[in-house]
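> Provided below are the primary sequence and the corresponding predicted coordinates.
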Amino acid sequence: MLKLGCKTAFLWMLAGADWPPPKLAVVQELGSFCGRALQPSDLENLQRFAEDAKSLPVADFHVAYLLQGEEDTAEAEAAMWSNQSDAYILTFRTRRSDALYFPGSILAEGRNALLAAAAVIEVARARRYTYYILLDTDAQPTPQWSLALRRFESQLSYWRDR
């Protein structure tokens with residue numbers, strides 16, 4: 001499990017004062033991987049968690065939304081953070097305190113980093129996500145995010161139980 005120093009935790013608490021509790025917990029658990037430039041060696045360290053997560057039981061229903069890109073994700077993220085879902089963001093040009101930042105990465109490297117970040121949380125929670133949804137940040141659903149995601153999750157849940 002990753003641990004934060006007191007100064008880092010305090011800064012994240014200030015930055016994340018309006019974040020939903022699950023987001024704050026995920027950002028804190030990811031520790032030093034959020035808000036700084038990832039290096040290829042970080043990806044190797046993150047991928048070790050993916051190996052550990054493979055043997056964990058699958059959650060009843062919990063979705064990991066994995067977004068990669070530079071567009072504004074505020075509306076999407078607001079809809080994605082719930083009791084049944086978490087959102088992971090990776091940027092490659094703009095550094096954010098609540099996102100993975102992997103400058104110079106190609107699409108596959110970014111997606112691997114997002115999957116590995118989700119595995120860090122899986123190991124901490126001792127259960128795997130039920131679904132991993134990979135999205136580009138320029139995706140625009142119809143209807144709006146909050147309605148589209150609840151419908152989508154309802155369909156996933158329906159088909160999972162079949």
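Noted; the coordinates are in hand. Residues are numbered from 1 along each chain as shown.
> neighbours of residue 104, how many?
Residue 104 is flanked by 11 other residues according to other Cβ atoms under 10 Å. C-beta: built from backbone N, CA, C; applies to glycine.
> please apply the same query to residue 44.
10.
> give me the pLDDT for it.
Here, the pLDDT recorded for residue 44 equals 84.
> what do you get for residue 29?
83.
> now the helices for the chain?
For the chain, the helices defined by DSSP state H cover 6-15, 21-30, 40-53, 74-80, 107-125, 145-160.
> now do the buried residues in the fifth one.
Buried residues in helix 107-125, counted by 16 or more other Cβ atoms under 10 Å: 109-125.
> what lies in contact with it?
With Cβ atoms under 8 Å, 6 or more residues apart in numbering as the test, helix 107-125 has contacts from 1-2, 26, 29-30, 33, 38, 42-43, 46-47, 49-50, 52-53, 56, 59, 64, 66-68, 86, 88, 90, 92, 100, 102, 105, 128-129, 132, 134.
> buried subset of these?
In those, the ones that pass as buried (16+ other Cβ under 10 Å) are 26, 29-30, 33, 38, 42-43, 46, 49-50, 53, 59, 64, 66-68, 86, 88, 90, 92, 100, 102, 105, 128-129, 132.
> any idea how far the nearest residue to residue 50 once chain neighbours are set aside is from residue 152?
Take residue 50 and drop its neighbours on the chain: the residue closest to it by Cβ to Cβ, 6 or more residues apart in numbering is residue 119, 4.1 Å away. According to Cβ to Cβ, to the nearest Å, residue 119 and residue 152 sit 23 Å apart.
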